[in-house]
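Student: Okay, sequence plus prediction incoming.
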Amino acid sequence: MSTASASASVPAGAAGIDPRGPRFGAALTTVVLAIALLTGSVWVLAGQALLFAAGSLLGVRRSPYGYLFTRLVRPRLRPPAELEDPAPPRFAQTVGLIVTGAGLIVAVAGVHSAVEVSAALALVAAFLNAAFGLCLGCELYLLLPRLGASPKTGRA
C-alpha cells in the first residue's frame, strides 16, 4: 500500500486516502491473524474474513479499521505528504477475503489445519504491509494489467 509503485498517483476525480490508514489496519489484522494462527480458532478467522469483506465491499476508508484510524489515530497525526489511490488497498482486502474465506470453507469441510494455513498466509501479507509498507495485494493489483487482466473485472 505504501510502496512507491502502489501509492504513485490518485486517478483524476478520485478521492485519495491517507496511506497510513491501511498500514494501521494491517497492524490490527496482523494481531487478529496471529491469534487465529496460535489458537486455530475458526471464529477468529471468520471475524477477520468479515473485516476483509467490509474493506472489500465498502472500501478501506469505510471499513471498521478505517473508521478507527479516521476517528482515533488520524487526528493525532500531521497531514500525509501525499494521498494514495484507494483501489489497490481495496483489492488487497479482496485478496485477504479470498484467502481467509477459502480457509474457512476448507476448515468447515473437515481439514483441521486449514485455519492455521490460511491465517499464516494472510498473516505474512498483513505483517509485510504493517512493518515495511509492502502491500502484496496492492502489488498484484498493479501487476494484473501488465499480464492482460483487469483487477476490476478479472478479464483482459
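Tutor: Thanks, I have it.
Student: Only C-alpha atoms from now on, for both contacts and neighbour counts.
Tutor: OK.
Student: Give me the residues contacting the helix or strand where Phe52 lies.
Tutor: Following DSSP states H and E, one finds Phe52 within helix 42-58. The contact list for helix 42-58, computed with Cα atoms under 8 Å, 6 or more residues apart in numbering, reads 29, 32-33, 35-36, 60-64, 90-94, 96-97, 100-101, 104, 107, 115, 119.
Student: ditto for stretch 17-29
Tutor: With Cα under 8 Å, 6+ apart, stretch 17-29 has contacts from 1-2, 7, 48, 60-61, 65-66, 69-70, 74, 80, 82-86, 89, 123, 126-127, 129-131, 133.
Student: could you pull out the helices for this protein?
Tutor: 20-39, 42-58, 64-68, 87-108, 114-132, 136-143 (DSSP state H).
Student: same question for the third one, mean pLDDT?
Tutor: Average pLDDT, helix 64-68: 96.
Student: could you turn that helix into CSV, dropping everything but the C-alphas?
Tutor: Taking C-alpha atoms only, helix 64-68 is exported to CSV below (Å, rounded to 0.1, in the frame of the first residue of the first chain):
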residue,chain,number,x,y,z
PRO,A,64,-14.1,-0.9,10.7
TYR,A,65,-10.3,-0.5,10.8
GLY,A,66,-10.5,2.6,8.6
TYR,A,67,-13.1,4.1,10.8
LEU,A,68,-10.9,3.5,13.9
